[in-house]
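1. pasting the structure only:
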């Protein structure tokens, strides 16, 4: 079982469509509980790529800690 990446900082960035806390899009958030572990792992990998592409000043959670 893979835990949700939710950090309880839920707000959608209007430009990217990603949550400012967990960096998932609305489809990923809504579908998380129905996903297989393989699908969840794929989402986590996409999140890592997204986070790496964001500037430290973007306002997304955890970006200032790099």
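-> That came in fine, so what should we check first? Here the structure is a predicted model, which is why all the values come from computation and not from measurement.

2. Next, the residue nearest to residue 12 when sequence neighbours are not counted: phi, psi?
-> Nearest non-adjacent residue to residue 12, counting by C-beta to C-beta, 6 or more residues apart in numbering: residue 19, 5.9 Å away. Using the backbone N, CA and C atoms, a C-beta is placed for each residue, glycine as well. As for residue 19, its main-chain torsions (degrees, to the nearest 10) stand at phi -70, psi 140.

3. OK, contacts around residue 19?
-> 9-13, 25, 29 (C-beta atoms under 8 Å, 6 or more residues apart in numbering).

4. now, which of these sits nearest residue 2?
-> Of all the contacts of residue 19, residue 29 has the smallest distance to residue 2: 14.4 Å, by C-beta to C-beta.

5. that's a helix at that closest one, yeah?
-> Yes: Residue 29: assigned to a helix according to DSSP: H, G, I helix; E, B strand; the rest coil.

6. what residues are up against it?
-> Neighbours of residue 29 in contact, by C-beta under 8 Å, 6+ apart: 6, 19, 22.

7. Next, the last one: phi, psi?
-> In terms of degrees, to the nearest 10, the main-chain angles of residue 22 are phi -100, psi -10.

8. Is the nearest residue to it once chain neighbours are set aside in a helix, a strand, or coil?
-> In space, and not counting its chain neighbours, residue 22 is closest to residue 5: 4.4 Å by C-beta to C-beta, 6+ apart. Three-state assignment for residue 5 (three-state DSSP): coil.
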